[in-house]
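**Q** Okay, structure incoming, though there's no sequence with it:
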């Protein structure tokens, strides 16, 4: 199950540097490519706005 970034994202960039598979792309809010995400949770652990969560099934 991939992680997703919600509207609480402040586009700080912390998650991009933490993602080991480069699944996160920049934008108004950042986006996680579900095809690349390995569900490691590294991005969620460093998100200061707690905007990253496991995707709903």
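**A** Great, that's in hand. In this text, all values refer to a predicted model and were calculated from it rather than measured experimentally.
**Q** drop to CA atoms for contacts and neighbour counts, all remaining ones
**A** Will do.
**Q** Just list the residues touching the closest residue in space to residue 50 that isn't next to it in sequence, thanks.
**A** Distance criterion CA to CA, 6 or more residues apart in numbering; nearest residue to residue 50, sequence neighbours excluded, is residue 44 at 6.8 Å. Applying CA atoms under 8 Å, 6 or more residues apart in numbering to residue 44 gives the contacts 15, 50-53.
**Q** Please repeat the previous calculation with a cut-off of 10 Å.
**A** Taking CA atoms under 10 Å, 6 or more residues apart in numbering as the criterion, residue 44 is in contact with 3-5, 14-15, 18-19, 50-54.
**Q** Residue 52 reaches residue 3, doesn't it?
**A** Yes: here residue 52 reaches residue 3: they are 6.6 Å apart, a contact under CA atoms under 10 Å.
**Q** Who has more neighbours out of the two?
**A** The residue with more neighbours, out of residue 52 and residue 3, is residue 52; 25 against 22, by other CA atoms under 10 Å.
**Q** Got the phi and psi for the more buried one?
**A** phi -110, psi 130 (degrees, to the nearest 10).
**Q** Next up, the contacts around the nearest residue to it once chain neighbours are set aside.
**A** Using CA to CA, 6+ apart and skipping the chain neighbours, the partner closest in space to residue 52 is residue 5 (4.5 Å). For residue 5, the contact set (CA under 10 Å, 6+ apart) comprises 24, 29-32, 43-44, 47, 50-55.
**Q** any idea how far residue 2 lies from residue 53?
**A** Using CA to CA, to the nearest Å, residue 2 is found at 9 Å from residue 53.
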